[in-house]
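Student: no letters, just coordinates:
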Ligand SMILES: NC(=O)C1=CN([C@@H]2O[C@H](COP(=O)(O)OP(=O)(O)OC[C@H]3O[C@@H](n4cnc5c(N)ncnc54)[C@H](O)[C@@H]3O)[C@@H](O)[C@H]2O)C=CC1
Ligand SMILES: CC(=O)C(=O)O
């Protein structure tokens, strides 16, 4: 039996997202070893060298291009390999290409790594999380996706700009699909315990319906806007990957909206994001936040959208 090294991560796919995540993780000092794997071996080698040259300004660690054999003791395996959206494409448009890529990658990971956590980042992340769970045979707690951690960060950023308050004091979640059917869970949103609508009034904003609608649309359209302007998104997701890894490595039991397979009476047989407790065992529990009737119906619709795609993929 291979003993897991809690200070070791592997990143499969070293394009924009994989390399930005590797850089963010190097800066985080969470890991003492990171293995990079890409179908384009030169790309992995180039990224490993480039990031290594920053180590004299950081802390010692090993970051190198490797093979699947090298990941056997990695506590966290981060999968970013796959095509990204082109301008105008949705995340769900990527499903066929990226499921095919996962069919070649996930069995290789499971062959060499038996006890690590599989963190899925490639899109459509909810579908690929479900597929990765099926292909790996890993227990559900150890296969999850970055989900709406990034969308939730975008929500907090936009709210912080609107309200002139530190984004870290805002408690609010985007739930459901990481994509067009995602939901802003406004009914539970608050700023340090003050309900959001009250805090808005304290800051002189009275048109709550219009403001929340515009902010939720802004979050949903962030990726489209960035991809239109610079072809890909990678810094925001790299920081999200770093935050999720921090919760795992430090066994923080942090509540993060990662994408995991749902198993409730209303929603099951699909992976999507709900606030979950994340620690060294991966997803250690879900947090059933209060939702109003409209949010519940939208969540069910989001699950049904994902289920329809899964049905096509798995048939
Ligand atoms: N979950 C999220 O919030 C986000 C997800 N993404 C997704 O991340 C994925 C990667 O995006 P980018 O890095 O911008 O794309 P990219 O095209 O820059 O990089 C993809 C990398 O995957 C590699 N690759 C392809 N097939 C492979 C295989 N079989 N084995 C190993 N490596 C393989 C390619 O050689 C390439 O280096 C996309 O699906 C994108 O939609 C991007 C941003 C945010
Ligand atoms: C590309 C993507 O999924 C995002 O930036 O949200």
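Tutor: Noted; the coordinates are in hand. Quantities reported herein were computed from a predicted structural model and do not represent experimental measurements. Numbering: from 1, shown residues only. Ligands and ions are numbered 1, 2, ... in the order given.

Student: could you tell me which residues of this protein lie near ligand 2?
Tutor: Within the chain, the residues that sit near ligand 2 (CB under 6 Å from any ligand atom) are 85, 91, 123, 150, 223, 233, 237. Yep, even glycine has a C-beta here, placed from its N, CA and C like the rest.

Student: swap the cut-off to 8 Å and go again
Tutor: 84-85, 91, 123, 125, 150-151, 154, 178-179, 222-223, 226-227, 232-233, 236-237 (CB under 8 Å from any ligand atom).

Student: now a PyMOL select for only the buried ones of the residues you listed.
Tutor: In PyMOL syntax, the buried subset of the residues of the chain next to ligand 2 is picked out as below (16 or more other CB atoms under 10 Å):
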select buried, resi 84+85+91+123+125+150+151+154+178+179+222+223+227+233+236+237
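
Student: show me the contacts for the spatially closest residue to residue 128 that is not a sequence neighbour.
Tutor: Distances taken as CB to CB, 6 or more residues apart in numbering put residue 120 closest to residue 128, at 5.1 Å, once the chain neighbours are dropped. Neighbour list for residue 120: 79, 128-129, 132, 143-146, 259 [criterion: CB atoms under 8 Å, 6 or more residues apart in numbering].

Student: mind doing that once more with 10 Å?
Tutor: Contact analysis of residue 120 by CB atoms under 10 Å, 6 or more residues apart in numbering lists 77-80, 82, 102, 106, 126-133, 143-147, 258-259, 271.

Student: any idea how far residue 149 is from it?
Tutor: Distance, residue 120 to residue 149, by CB to CB, to the nearest Å: 12 Å.

Student: overlap in contacts, those two.
Tutor: 258-259.

Student: per-residue confidence averaged over the strand or helix carrying residue 47?
Tutor: Taking DSSP states H and E as the definition, one finds residue 47 inside helix 41-52. Mean per-residue pLDDT for helix 41-52: 98.

Student: and what of stretch 137-146?
Tutor: On average, stretch 137-146 scores 98.

Student: what residues sit buried inside it?
Tutor: Neighbour count says stretch 137-146 has 138, 140-146 buried, by 16+ other CB under 10 Å.

Student: ok, back up a step: after the helix holding residue 47, next one along is what?
Tutor: Helix 41-52 is succeeded, C-terminally, by strand 62-65 (DSSP H and E).

Student: which residues sit against that following strand?
Tutor: Applying CB under 10 Å, 6+ apart, the contact partners of strand 62-65 are 8-9, 11, 14, 22-23, 25-26, 31-38, 41-52, 54-55, 70.

Student: helices of the stretch 1-150 of the chain, residue ranges please.
Tutor: Listed in chain order, the helices found in the stretch 1-150 of the chain under DSSP state H, counting those that start in this stretch are 16-28, 41-52, 95-112, 125-136, 149-163.

Student: among those helices, which is the most enclosed?
Tutor: Highest mean neighbour count among those (mean count of other CB atoms under 10 Å): helix 125-136, with a mean of 26.
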